[in-house]
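Engineer: Sharing a sequence plus its predicted fold:
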Amino acid sequence: MEKRQFGKTDMQVSVLGFGGSEIGYEGATPATVEELLNRALDAGLNVVDTAECYEGSEELIGAAISHRRSDYYLFTKCGHPRGVGTEDWSRGSLLESIERSLRRLKTDRLDLIQLHSCSEAVLRAGEAIAALQTARDRGYARYIGYSGDSVAAKFAVECGAFDALQTSVNIADQEAIELTIPAAHERGLGVIAKRPIANAAWKSGHKPIDSYQHTYWERLRKLNYPFIASGDLERSIAHALRFTLSVPGVHVAIVGTTKPHRWQENARMLAAGRLPESDYNAIRERWEELAPSTWIGQT
């Protein structure tokens, strides 16, 4: 699997990374996660990204692959210590959460710890950033980052405190391509693309039941990309993923699944490499023509 230099860090990351939200929220069994992650590592994936609030995700990852810790880079996020919607950006809470993540993940050091979608106001206050710097100084993490979107992500990039940015970028979410990713690249930040296939919101052919996917469903109806309209689901997902990994400055795309066989399928999708320039430009031009200014990055 292709690897890319992750900003100014010492990490060479696989272009495809594992996102840990699904295994937590969908209640994957320990046996499934063990098979899934070991297959992924065997296939050349070397980035595992999760968060304290993804229910049992950290524990599942720790149990499944902590014995292979030298085979992958381990990223997690903090700021929601009691689940999504329970924000706490105080120094004490963040450090306590990071220590808990280390125990759950069965490791003594993270490769990247990220603030998880806090606001620009929280970033400007400084306490949360200082907490991550303390965690780095204590050896809890080698690098620190920000996971989020739009104006908060812009401030995170420009403030100079972070080594990495994780942000939404895909065929239905392109604000970051101009707003944050070029500046992140210029400053030497590693860039992680979250939601790289727009949650495949079109795959069922009708509006998804899960409201989490509704924004992308509505956007994609308006954008009406020909490669989706063709009806070839596998090809359209591959096209979408290759688009995200063709965005200049993106180093790794995080994809979540609970299906162990999916990694081989994803690897095959990427075998052709970046999209041809004409295909990439066609997607960008359609966005620029049809996307209103209200279509900001989705947290």
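Structural biologist: That came through, no problem. Residues are numbered from 1 along each chain as shown.
Engineer: you'd agree Gln166 is in a strand?
Structural biologist: Yes. Counting by DSSP: H, G, I helix; E, B strand; the rest coil, Gln166 is found in a strand.
Engineer: Let me know the pLDDT of it.
Structural biologist: Looking at Gln166, its pLDDT reads 98.
Engineer: so who does it touch?
Structural biologist: Gln166 is in contact with 49, 75, 114, 145-148, 191-194, 254, counting by CB atoms under 8 Å, 6 or more residues apart in numbering. C-beta here means a position set from N, CA and C on the backbone, and glycine is covered the same way.
Engineer: As a check, name the ranges of all strands in the stretch 101-250 of the chain.
Structural biologist: Ranges of strands in the stretch 101-250 of the chain, per DSSP state E, counting those that start in this stretch, are 110-116, 141-147, 164-168, 190-194.
Engineer: Out of those, the one nearest Arg268 is which?
Structural biologist: strand 190-194 (19.2 Å; CB to CB).
Engineer: So what's the gap between that closest one and the chain middle?
Structural biologist: Averaging C-alpha positions (CA atoms, centre = their mean, to the nearest Å) puts strand 190-194 6 Å from its chain's average.
Engineer: Over to stretch 62-81?
Structural biologist: 14 Å.
Engineer: For it, buried residues please.
Structural biologist: 62-65, 72-81 (16 or more other CB atoms under 10 Å).
Engineer: what stretches of this structure score poorly on pLDDT?
Structural biologist: Applying pLDDT under 70 to the chain flags no residue at all.
Engineer: Quick one: residues contacting the residue nearest the centre of it.
Structural biologist: Taking CA atoms, centre = their mean, the centroid of the chain lies closest to Lys194, which sits 3.0 Å from it. Going by CB under 8 Å, 6+ apart, Lys194 touches 19, 147, 166-169, 254.
Engineer: hmm, 10 Å instead?
Structural biologist: 17, 19, 21, 49, 147-149, 166-170, 173, 244, 253-256, 297-299 (CB atoms under 10 Å, 6 or more residues apart in numbering).
Engineer: same question, Leu16
Structural biologist: For Leu16, the contacting residues are 1-2, 40, 43-47, 196, 241, 245, 252-255, 263, 266-267, 269-270, taking CB under 10 Å, 6+ apart as the criterion.
Engineer: Which residue, other than its chain neighbours, is closest to Leu233?
Structural biologist: Once flanking residues are discounted, Leu233 sits nearest to Lys203: 5.8 Å by CB to CB, 6 or more residues apart in numbering.
Engineer: separation between that neighbour and Ile228?
Structural biologist: Applying CB to CB, to the nearest Å, the value for Lys203 to Ile228 is 10 Å.
Engineer: neighbour-wise, which of the two wins?
Structural biologist: Counted by other CB atoms under 10 Å, Lys203 and Ile228 do not tie: Ile228 has more neighbours, with 23 against 15.
Engineer: Pull the contacting residues for the nearest residue to the more buried one once chain neighbours are set aside.
Structural biologist: Nearest residue to Ile228, sequence neighbours excluded (CB to CB, 6+ apart): Ser236, at 4.8 Å. Listed by CB under 10 Å, 6+ apart, the contact set of Ser236 reads 171, 197, 200, 202-203, 225-230.
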